[in-house]
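Participant: Can you look at this prediction? I've put the sequence above it.
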Amino acid sequence: MEQTPTPLTRQVAARIVGYIRETAAEPGTRLVERTLAAHLRVSRSPVRAALRLLADEGVVAVAEPGGGHTVARPVTELTVEAGELGDEDEEQYLRIASDRLDGELPDRVSESELARRYALTPAQVTAVLRRISGEGWIERLPGYGWEFQPMLTSQESYEDSYRFRLALEPAALLEPGFAVDQAAIEVVRAQQLELAEGAAHTVTNTELFARNRAFHEAVVACSHNTFFIDSLRRVDNLRRLIEYRRTLPRDRAAVRCREHVDIADLLLTGRTADAAEYLRRHLTTVSVEKTASPG
């Protein structure tokens, strides 16, 4: 008899979907159990069970040869069950994000409180919490309720995050162990080119953030320095909500995405030092534009 997935399995599955969304992983991208377990801070056993569940739902596929799993569907085609929200639920998700930024929500909440406050059905609450949990800014408490995780909320902390990235990201390109992962950089380059050529005007704020985050994290991952990689992921998790409000006007966003393409081209042609300098100028300019924009 087929066993019903445990709450832990479903929670880890939702977080894996969140990881796929955050990295804007293309179909065919291999999902490594060890990497997922380290990123989600769980053992490999629940990751393995969650991948089987996602395979049953068609979100991932069994890789051949050699086993393992790969992404099966584009991010834009993920279902509500897999963590994607419909238009109405997306609106409620953004309301929760906004209220959390404004301090309108306490650190701990229950599903019934969220349902009552936002006029959500139980299914909608489940879908929204899966999305938020998958993105890492809320966690289920043992037994009952949910707890929001720390996020950047103030102008000062937001500016600090950009100064930190300005110190970290260009330096990552100059690490002794830096080696371009050509396949990964080509994937994020293609995503950025699509944004630069028009998609920046049509994607949601959450999708724009996910793709831009994926680009910067893919570049820093080439440093093969776990301290650089983990530090950037942590600050990206912290700045997620405030970035939804700080998204650039879409014509400016398209320009910044074009700069991402230029940085990728420099890396792919072996001009790493030039890419590091270009990245420094890019982050400096974006920082000025973002921190000067109204919150």
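Facilitator: Nice, I can see it.
Participant: How about the contacts made by residue 289?
Facilitator: By C-beta atoms under 8 Å, 6 or more residues apart in numbering, the contact set of residue 289 is 248, 252. Glycine gets a C-beta too; all of them are placed from N, C-alpha and C.
Participant: can you list the domains in the protein?
Facilitator: Domain ranges of the chain: 7-74, 87-148, 155-292, per automatic domain parsing.
Participant: Including mean pLDDT, could the ones you listed go into JSON lines?
Facilitator: Converted to JSON lines, the domains of the chain look like this (pLDDT from 0 to 100):
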{"stretch": "domain 7-74", "mean pLDDT": "81"}
{"stretch": "domain 87-148", "mean pLDDT": "85"}
{"stretch": "domain 155-292", "mean pLDDT": "91"}
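Participant: quick one, helices of this protein?
Facilitator: 7-22, 33-40, 44-56, 87-101, 111-118, 122-135, 155-173, 182-196, 205-221, 226-246, 250-268, 272-292 (DSSP state H).
Participant: For residue 68, find the nearest of those helices.
Facilitator: helix 33-40 (7.3 Å; C-beta to C-beta).
Participant: Go through the closest one and flag the buried ones.
Facilitator: 33, 36, 37, 39, 40 (16 or more other C-beta atoms under 10 Å).
Participant: again with stretch 49-57
Facilitator: For stretch 49-57, a neighbour-count test (16+ other C-beta under 10 Å) marks 49, 50, 51, 52, 53, 54, 57 as buried.
Participant: Just give me the closest of these to residue 106.
Facilitator: Taking these together and measuring to residue 106 by C-beta to C-beta, the closest member is residue 50, at 29.1 Å.
Participant: Residue 124: how many residues sit nearby?
Facilitator: Neighbour count of residue 124, defined by other C-beta atoms under 10 Å: 20.
Participant: Quick check, it in contact with residue 93.
Facilitator: No - with contact defined as C-beta atoms under 8 Å, residue 124 and residue 93 do not form a contacting pair (9.7 Å).
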